[in-house]
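A.B. asks: Sequence first, then the predicted structure:
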Amino acid sequence: MKNKKIKLFLVIFCLIVVSNVPHIESKEMNGKIIYVDENGGKDYVTIQDAIDNSSKGDIIYVYNGTYNEFLFINKSVYLIGESKEKTIIEGGNGPLVKIDNFFQTNNPKNSTSLINIKSDDITIKNFKIKNSSFIDKIMVYFYFKSRVCYPPNYIFQHTNIGIGISISSNNCKIVDNIIEMNGADGINLYNSDNNLISNNTIINNSFCGIYLRNSSNNCIINNTISCNGLGISFANLSFQNILYHNNFKNNTRKHIFNDENNTFHNKDLKHGNYWDDYNGTDKNYDGIGDKAYNLPSGKNEDKYPLVFQYHGKLIKDSYIDIETIIQILIIGVVLSIIFLLPIAYYWRKKYFR
């Protein structure tokens, strides 16, 4: 009996231990797992050290904490945070240096981006990426060639400037992140094709939520893009991108700038995006606007605009579905009759013999 209790205790203990180990499951992931914890006790205390010592296909798992780092990723790895609310990559330090009409930082990788992606097949998941900024409040002459978010030669008070994630590669995945309060763009794609940007919250970035330059065939799906200077900007032959199930809200200048030849709905699902300035109706209560949402340039339209924000389903929780209510009423009446028939029969036999 005593041995059975000991065995049972050991089984329970093992289950508890296993349940507390980060579980990473994907058929695509076949490398070793490298652990990062700012408090020590794991493989590395900084994310960049883990990247530098990783190999293609490795998984870099980052525990909750605030990591004040500028990351340079030049190999195909999976960078995964423990929690997108509590695993934070944050900038906020380092003066700027002017190089070839661009203002760059003097951080070791010489980049204005918190995460600079320079290799194909990289995944970034479950992080809060914020405040790619530099606190040396001076007036600067800010000049980005071929930039359309703001006019060139734009002068402003230099309190924060920078990009959350820069991508100059293909087949990358940016999923399940919070990207906020960056001085320039939340996500910046340059010469980048076939990337997936999905299920991110992209908010309060000074220039663009997402900026694409010479980047095509990217999928931008199920993101909340809110309170940025511009929602999404397409430039320099950025076309054949597909966008749907995104929520565009409270972007200061426009939701979309220079839409070029892109698709703003899913042709099979017949679902588009939510636009907070859409003023159409939904007479058949299917969650899709009755008329298309016209994009600013007039080149494209969202044929199936959503009348409510998309959060994994089309119809809002409080949305009144008339057909469902009628079905519930019919079922209720039928069940009431079935329930009352035996009572009526008993009552008749007892009092009306």
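C.D. replies: Nice, I can see it. Residues are numbered from 1 along each chain as shown.
A.B. asks: I'd like the distance from Phe257 to Pro296, if you could.
C.D. replies: As for Phe257, its distance to Pro296 is 7 Å (criterion: CB to CB, to the nearest Å). Yep, even glycine has a C-beta here, placed from its N, CA and C like the rest.
A.B. asks: Tell me which of these two has more neighbours.
C.D. replies: Phe257 (21 against 13; other CB atoms under 10 Å).
A.B. asks: Just list whatever residues bridge to the more buried one.
C.D. replies: Note on Phe257: beta-bridge partners Ser233, judged by DSSP bridges.
A.B. asks: what's the spacing between it and Ser83?
C.D. replies: When Phe257 is compared with Ser83 (using CB to CB), they lie 33 Å apart.
A.B. asks: Find me the pLDDT at the residue nearest the centre of the chain, would you?
C.D. replies: Centroid-nearest residue in the chain, with CA atoms, centre = their mean: Asn200, separated by 1.0 Å. As predicted, Asn200 sits at a pLDDT of 98.
A.B. asks: ok now do it, which residues does it touch?
C.D. replies: Contacts for Asn200 (CB atoms under 8 Å, 6 or more residues apart in numbering) come out as Ile174, Val175, Asp176, Asn177, Ile178, Ile179, Ile187, Asn223, Thr224.
A.B. asks: And Asn199, by the same measure?
C.D. replies: Val175, Asp176, Ile221, Asn222, Asn223.
A.B. asks: Can you classify Tyr345 as helix, strand or coil?
C.D. replies: For Tyr345, the secondary structure call by DSSP: H, G, I helix; E, B strand; the rest coil comes out as helix.
A.B. asks: Mind checking which of the contacts of Asn199 are in helices?
C.D. replies: Counting by DSSP state H, the contacts of Asn199 place none of their members in helices.
A.B. asks: In TSV: the residues you listed, plus neighbour count.
C.D. replies: Output for the contacts of Asn199, formatted as TSV (neighbours: other CB atoms under 10 Å):
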residue	neighbour count
Val175	19
Asp176	16
Ile221	19
Asn222	18
Asn223	29
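A.B. asks: OK, contacts around Asn188?
C.D. replies: Ser113, Ile163, Ile165, Ser166, Ile167, Cys208, Ile210, Tyr211, Arg213.
A.B. asks: how far away is it from Lys75?
C.D. replies: 20 Å.
A.B. asks: before we move on, what about Leu335?
C.D. replies: For Leu335, the distance to Lys75 - CB to CB - is 62 Å.
A.B. asks: Between the two, which is the more surrounded one?
C.D. replies: Neighbour tally, Leu335 and Lys75, criterion other CB under 10 Å: the higher count belongs to Lys75, 16 against 10.
A.B. asks: Check what pLDDT the more buried one gets.
C.D. replies: At Lys75, pLDDT is 96.
A.B. asks: Could you list the low-confidence segments of the stretch 201-350 of the chain?
C.D. replies: Within the stretch 201-350 of the chain, the ranges that satisfy pLDDT under 70 run 298, 315-324, 349-350.
A.B. asks: From the chain's centroid, how far away is stretch 223-230?
C.D. replies: How far stretch 223-230 lies from its chain's middle: 11 Å, per CA atoms, centre = their mean, to the nearest Å.
A.B. asks: again, but for stretch 248-262
C.D. replies: 17 Å.
A.B. asks: now do stretch 334-351
C.D. replies: On CA atoms, centre = their mean, the centre of stretch 334-351 falls 57 Å from that of its chain.
A.B. asks: same check, this time on stretch 226-233
C.D. replies: That offset, for stretch 226-233, works out to 14 Å (CA atoms, centre = their mean).
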